[in-house]
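Engineer: Fold the following for me, if possible:
(chains A and B)
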Amino acid sequence: MFLTSNVHRAPLHVSVSSLSQLNSQSVFSVKYAVKLLKKLADDGNFKLGKVVHALLIVSNHASKDHVIQNNCLINLYSRCGQLAIARHIFNRLQQRNIVSWSTLMTGYLHNGFTWEVPKLLKDMVSVDNLFPNEYVLSTVLSSCSNGGLLHEGRQCHALVLKSGLVLHQYVKNALLSLYTMSSDMEGVLEILKSVPGSSNITDNVVLKGFLDHGYTNEALDVFSRMLSEGSVGDKISYVNIFGLCARLKDLKLGQQVHCRMLKSGLQLDVFLSSAVMDMYGKCGEILGARYIFYSYPDHNVVSWTTILAANFQNECFEEALKMFLQMELQDVVPNEYTFAVLLHSCAGLSAIGCGKTLHARVEKTGHGTFVVVGNALINMYVRSGHIEAARALFSNMICRDTVTWNLIISGFSHHGRGEDALYMFQDMLAAKEQPSYVTFIGVLLACGHLGRIEEGFYYLQHLMRDFGLEPGLEHYTCVVGLLGKAGKLDEAEKFMRSTPITWDVIAWRTLLNACNVHRNYGLGQKVADHLLQLNPNDVGTYILLSNMHAKVKRWDGVAKMRKLLRERNIKKEPGLSWTEIRNETHMFVSDDTQHPETAQIHEKVRKLLAEIKPLGYIPDTASVLHDVEQEQQEGYLSYHSEKLAVAYALMKTPSQAPIHVIKNLRICDDCHSALKLISKVTMRVIVVRDVNRFHSFQNGSCSCADYCQPEVVSLNKTFLTINHKSASGEKILGVRTVSARFGTDPFL
DNA sequence: CTAGGGTTAG
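Structural biologist: Take a look at the predicted model:
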């Protein structure tokens, strides 16, 4: 084009010496200068812009006082990030109009000086006696929403109403953004109702607003209206809609939207690919997320973090850590979200070595001061069994949020430290931090552990409601556990029958477990029947039931359970335990002989069992459901994985070191009593994380006080669940090492 | 001559 060729060629050849030749010539008409400056402003071309500006000055043309041309110069400099120059020109204008003001305001807005913009409006009205038009109003409103200036924004709303410009779409959208920013979704609905007309941009603002503030149904309404109008818009619309699908965890809808996007021919960009990955990740379809990741090449921190998070959310913790190494190789610099995801992945694996390395790194980079990272660190230490390290971190945190408190409270609860948990809860209230739904799960677990029935009911029936919280299934399940633990089994059953809620398998299993502990055979059988009716293939029920039969020496019952399992071809998930020794993770499978040191480990187990026998240990293998086929083989050694892992850790660690073992199932009664005694004879602290909680064995007793906690979901869905398959699906046996090289050695 | 919407943690 004529314009571009002129811009890009002619002025480029202008040198200082040639300026004098151009001096007397009228090179630019005003009209041409305006076109040129606009083009340069759009490109953000500071270098050429200065040259043209210089030419305009030296050309001695009458145009230099031309207001439109000068407005273009202000625009040029503010678009190039040179706000000081823009302001200087504005100050020296011979004459100015409303566009001069509006251009300057936009400059302040885009350069981050949002709070100056309402002041400029005030000056404009008082000094130049100009009334704001739609350009000015939408710019000032945007500044208010970007800068959190709610008060000023409200005043602008008044101006908008006075001017009658509400009907203007730009102004309306800016108003919607303002009310979205201030979480006033009722205000948003009000504007939508009173102002007709909608554009793609309106839809996007509103959709995002509804999503951010939990108005999922309203967001769905917007989406279905977009569909009925035949188009779902552009890339940004798709980003928002994928966000909606992610929120709904509706994979089917997400796939349909994805198909539609493909058909519409839209190409992925870094935002869109992140949004699609996030959708697949949150909908539990990790393969979809990975597919998108590899089909779009140009990733930034955010899209990398998205794929790491998708892996984490789908319990592919190792894969998340491995992919981070790739990210580093590509020189993408991680941010606080990246570190949070990585630390949560370590937490999922109880990979304390990786976790500590990352801890060292965030301390060095300064990311440790972000709440998200602090929370992730606390979570990592809690789930690796280092509750005191978590407490120390908590004490040193500069700023905390609800999640921080929830983590430390339920952390103590899961470690059987009920009193500490309740003290923390009191501190939380004293710090004026609003407790949430999750907070009370941790609090009720703590009450359960301490056997404080009345206190628990007070929290459930009064305090929660004082904070506007409606108790849910998790809370009620905690109460069942609370009553059950105190031996009030009939009351627990009555509570379940009288509470109008749909109880799930977990709740009934909590009651069955209580029956088991308190040897209430009759009620136990009743509950078990009910459980098997709910889910005839639930292994957990069979195991509990079999334990119960064994406890009252009803061996016929135990045999019946085994027969049922065999007949129904129900496979018990293999028992896995692992322990980390100097950054190496050693994984054990029950009755596994693949570890290179199997002979020594078995020898160690035999020795330990012999040592604790005099202290009263009676092997209780009959009560334990092993793999039925294997069990009938001759010479079968019933060594559960946790026994193997503990024995190995005892062999390989210094004599005072505490031992940390993680397992995928619930610890069985036999191992539990064995480990209590082993902690006594070896004088070691042995911390075992099972699916539900932590058992801290010390000097012959356990922090769980021999009672299992209800299996309520706490903090998030991945709490205490593990990934026993690697990304490629290979089965993990014997020794496996989780690499812990993340660029920074914690001891450097 | 001047104005608007997007991705990651729990």
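Engineer: Quick check: pLDDT value at the closest residue to A:N300 other than its chain neighbours.
Structural biologist: When the adjacent residues along the chain are set aside, A:N300 lies closest to A:V270, with 5.5 Å between them (CB to CB, 6 or more residues apart in numbering). Any C-beta I mention is one placed from the backbone N, CA and C, and that applies to glycine too. The model reports A:V270 with a pLDDT of 98.
Engineer: In the stretch 501-650 of chain A, which residue sits closest to DNA strand B?
Structural biologist: Among the residues of the stretch 501-650 of chain A, A:I506 lies nearest to DNA strand B; the distance is 18.8 Å by CB to the nearest atom of the strand.
Engineer: What count of nearby residues applies to that residue?
Structural biologist: Under the neighbour criterion other CB atoms under 10 Å, A:I506 is assigned a count of 16.
Engineer: again, but for A:T499
Structural biologist: The number of residues packed near A:T499 is 14, by other CB under 10 Å.
Engineer: in stretch A:163-173, what counts as buried?
Structural biologist: For stretch A:163-173, a neighbour-count test (16 or more other CB atoms under 10 Å) marks A:S163, A:L165, A:V166, A:H168, A:Y170, A:V171, A:K172, A:N173 as buried.
Engineer: hmm, back to that, who are the contact partners of the residue nearest to A:N300?
Structural biologist: The neighbours of A:V270, taking CB atoms under 8 Å, 6 or more residues apart in numbering as the test, are A:Y296, A:D298, A:H299, A:N300, A:V302, A:S303.
Engineer: of those residues, buried ones?
Structural biologist: Neighbour-count burial (16+ other CB under 10 Å) is assigned, among those, to A:Y296, A:H299, A:V302, A:S303.
Engineer: Go ahead and confirm A:T439 touches A:F425.
Structural biologist: Yes. Under the criterion of CB atoms under 8 Å, A:T439 is in contact with A:F425, at a separation of 7.2 Å.
Engineer: joint contacts of those two?
Structural biologist: What both A:T439 and A:F425 touch, as defined by CB under 8 Å, 6+ apart, is the set A:W405, A:I409.
Engineer: Closest one to DNA strand B out of the buried ones among the contacts of A:V270, please.
Structural biologist: Out of those, the one with the shortest distance to DNA strand B is A:V302. That distance is 3.6 Å, counting by CB to the nearest atom of the strand.
Engineer: And the buried ones among the contacts of A:V270, which two are furthest apart?
Structural biologist: In the buried ones among the contacts of A:V270, two members sit farther apart than any others by CB to CB. They are A:Y296 and A:V302, at 12.6 Å.
Engineer: quick one: the helices in the stretch 1-150 of chain A?
Structural biologist: Assignment of helices within the stretch 1-150 of chain A using DSSP state H, counting those that start in this stretch yields the ranges A:2-8, A:16-22, A:30-43, A:46-58, A:67-79, A:83-91, A:98-110, A:116-128, A:134-147, A:150-163.
Engineer: and what of the stretch 151-300 of chain A?
Structural biologist: Assignment of helices within the stretch 151-300 of chain A using DSSP H, counting those that start in this stretch yields the ranges A:169-181, A:185-194, A:200-212, A:216-228, A:235-248, A:251-263, A:270-282, A:286-295.
Engineer: shaky segments in the stretch 301-450 of chain A?
Structural biologist: Per-residue confidence of the stretch 301-450 of chain A (counting by pLDDT under 70) places no residue in a weak region.
Engineer: Mind listing what's buried along stretch A:175-187?
Structural biologist: Buried positions in stretch A:175-187, judged by neighbour count with 16+ other CB under 10 Å: A:L175, A:L176, A:S177, A:L178, A:Y179, A:T180, A:M181, A:S182, A:D184, A:M185, A:G187.
Engineer: How about residues contacting that stretch?
Structural biologist: If you take CB under 8 Å, 6+ apart as the criterion, stretch A:175-187 is touched by A:141-142, A:144-146, A:148, A:150, A:153, A:156-157, A:160, A:166, A:188, A:191-192, A:202, A:205-206, A:208-210, A:212-213, A:215, A:218.
Engineer: List buried residues within those.
Structural biologist: The neighbour count (16+ other CB under 10 Å) marks A:141-142, A:144-146, A:150, A:153, A:156-157, A:160, A:166, A:188, A:191-192, A:202, A:205-206, A:208-210, A:215, A:218 as buried among the contacts of stretch A:175-187.
Engineer: what's the domain layout of chain A?
Structural biologist: Following automatic domain parsing, chain A resolves into domains at A:357-567, A:576-702.
Engineer: between those domains, which gets the lowest average pLDDT?
Structural biologist: domain A:576-702 has the lowest average pLDDT among the domains of chain A, namely a mean of 85.
Engineer: Just the terminal-to-terminal distance for that domain.
Structural biologist: 21 Å (CA to CA, to the nearest Å).
Engineer: for stretch A:311-323, same thing?
Structural biologist: End-to-end distance of stretch A:311-323 (CA to CA): 9 Å.
Engineer: Distance from the chain centre to it, please.
Structural biologist: The chain centre lies 13 Å from the centre of stretch A:311-323; the measure is CA atoms, centre = their mean, to the nearest Å.
Engineer: And for stretch A:408-425?
Structural biologist: Going by CA atoms, centre = their mean, the spacing between the C-alpha centre of stretch A:408-425 and its chain's C-alpha centre is 22 Å.
Engineer: Tell me which residues of it come out buried.
Structural biologist: Within stretch A:408-425, the residues that qualify as buried are A:408-418, A:420-422, A:424-425, counting by 16+ other CB under 10 Å.
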